[in-house]
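Undergrad: quick check, what structure comes out for this input:
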Amino acid sequence: MLSYYSKLSSEVYDIDKYIGLSFGDVEFYSERLADCQGKILEPGVGTGRILIPLLERGLDVDGFDVSTEMLDICQTNCDQRGLQPNIFEGKMESFSLDEKYEAIIVPTGSFLLLHSREESIKALHNFRDHLTNGGRLIIDTFLQTDLSTNNVSTRTWQPKDDEMITLETKIVEVDHINQHTVSHHRYEKWRGGELIQTELEQFPLRWYGVEEFKTILEQVGFEDIVISADYKYGQYPTHPEQTITFEAVVKK
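TA: Okay, here's the model as predicted:
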């Protein structure tokens, strides 16, 4: 069975998307949440790239992830900065908490890892159920523009002088009807010219049309939906390469 955000892929994520790196999202989420007085939840918290800046701005943020390896790195990153958030293992579609949140955020397209439509809808209902009346959901999506199969791309990272991590990626399945792809990722870690670790990852990604996802949010029970492109609030997308952010309010 192929792994999913296990040790090597989590290590690469922390190197490639290090704490302090922003694609405009750190500033965007910080600004949108600046007036938040209650608790915030980040499903798919990863290594803490968004969580940590929000905590450092004085916001009260919990986070969870399906990957224990990612959570371990997140905890280390928080410990190094003297931060003690509540982070835990969980799935978007099935987590269950007594807590109600003023905001739930899912940056960086993590929501698209739920490639099953049924799981995605269940997760949105779960988010709604964990929001206070008037609470906000802010969620990033993007379109998939490269649907070519079996083309292999390679990237490399050098965590230490005598180490190298390589990643080979190829799309192996494109399901146009159900709107998802599946890629295979092969990680290899080398030390002193010797292969010391290999990891295979099956990586699903779903896509949604812009108006399609807005309609889904409305059907789940969200209102006052604002669509933004490339972290410019209220600026509607104009081309398929942009990051698309939906902000919606739940009224019960």
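Undergrad: just the strands in this structure please.
TA: For the chain, the strands defined by DSSP state E cover 40-43, 61-65, 87-89, 101-106, 131-142, 153-157, 163-175, 180-191, 194-206, 222-229, 243-250.
Undergrad: how about TSV for these, with mean neighbour count, distance to residue 29 and mean pLDDT added?
TA: In this view, the C-beta of every residue, glycine as well, is placed from N, C-alpha and C. TSV is the format used below for the strands of the chain (neighbours: other C-beta atoms under 10 Å; distance: least, C-beta to C-beta, whole Å; pLDDT from 0 to 100):
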stretch	mean neighbour count	distance to residue 29	mean pLDDT
strand 40-43	25	9	98
strand 61-65	24	10	97
strand 87-89	15	17	97
strand 101-106	24	6	98
strand 131-142	20	7	98
strand 153-157	11	26	97
strand 163-175	15	27	96
strand 180-191	18	26	96
strand 194-206	15	21	95
strand 222-229	17	11	98
strand 243-250	21	9	98
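Undergrad: format these as JSON lines; extra columns: distance to residue 79.
TA: Converted to JSON lines, the strands of the chain look like this (distance: least, C-beta to C-beta, whole Å):
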{"stretch": "strand 40-43", "distance to residue 79": "18"}
{"stretch": "strand 61-65", "distance to residue 79": "14"}
{"stretch": "strand 87-89", "distance to residue 79": "11"}
{"stretch": "strand 101-106", "distance to residue 79": "22"}
{"stretch": "strand 131-142", "distance to residue 79": "27"}
{"stretch": "strand 153-157", "distance to residue 79": "23"}
{"stretch": "strand 163-175", "distance to residue 79": "23"}
{"stretch": "strand 180-191", "distance to residue 79": "24"}
{"stretch": "strand 194-206", "distance to residue 79": "25"}
{"stretch": "strand 222-229", "distance to residue 79": "33"}
{"stretch": "strand 243-250", "distance to residue 79": "30"}
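Undergrad: to residue 75, which of the ones you listed lies closest?
TA: Of all the strands of the chain, it is strand 87-89 that lies closest to residue 75, at 6.4 Å by C-beta to C-beta.
Undergrad: I'd say residue 24 and residue 233 touch.
TA: No. Between residue 24 and residue 233 there is no contact, the gap being 11.1 Å when judged by C-beta atoms under 8 Å.
Undergrad: can you pull the contacts of residue 175?
TA: residue 181 (C-beta atoms under 8 Å, 6 or more residues apart in numbering).
Undergrad: which stretches of the stretch 1-150 of the chain form helices?
TA: Along the stretch 1-150 of the chain, the segments classed as helices by DSSP state H, counting those that start in this stretch run 7-16, 25-32, 51-56, 68-80, 117-129.
Undergrad: keeping just the C-alphas, turn the shortest one into CSV.
TA: This means helix 51-56. Output of helix 51-56 as CSV, limited to C-alpha atoms (Å, rounded to 0.1, in the frame of the first residue of the first chain):
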residue,chain,number,x,y,z
LEU,A,51,-0.9,28.2,11.9
ILE,A,52,2.3,29.6,13.4
PRO,A,53,2.0,33.2,11.9
LEU,A,54,-1.6,33.3,13.1
LEU,A,55,-0.6,32.2,16.6
GLU,A,56,2.2,34.8,16.6
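Undergrad: okay, now the residue lying closest to residue 126 once chain neighbours are set aside: neighbour count?
TA: Nearest non-adjacent residue to residue 126, counting by C-beta to C-beta, 6 or more residues apart in numbering: residue 93, 6.1 Å away. Residue neighbour count, defined by other C-beta atoms under 10 Å, stands at 18 for residue 93.
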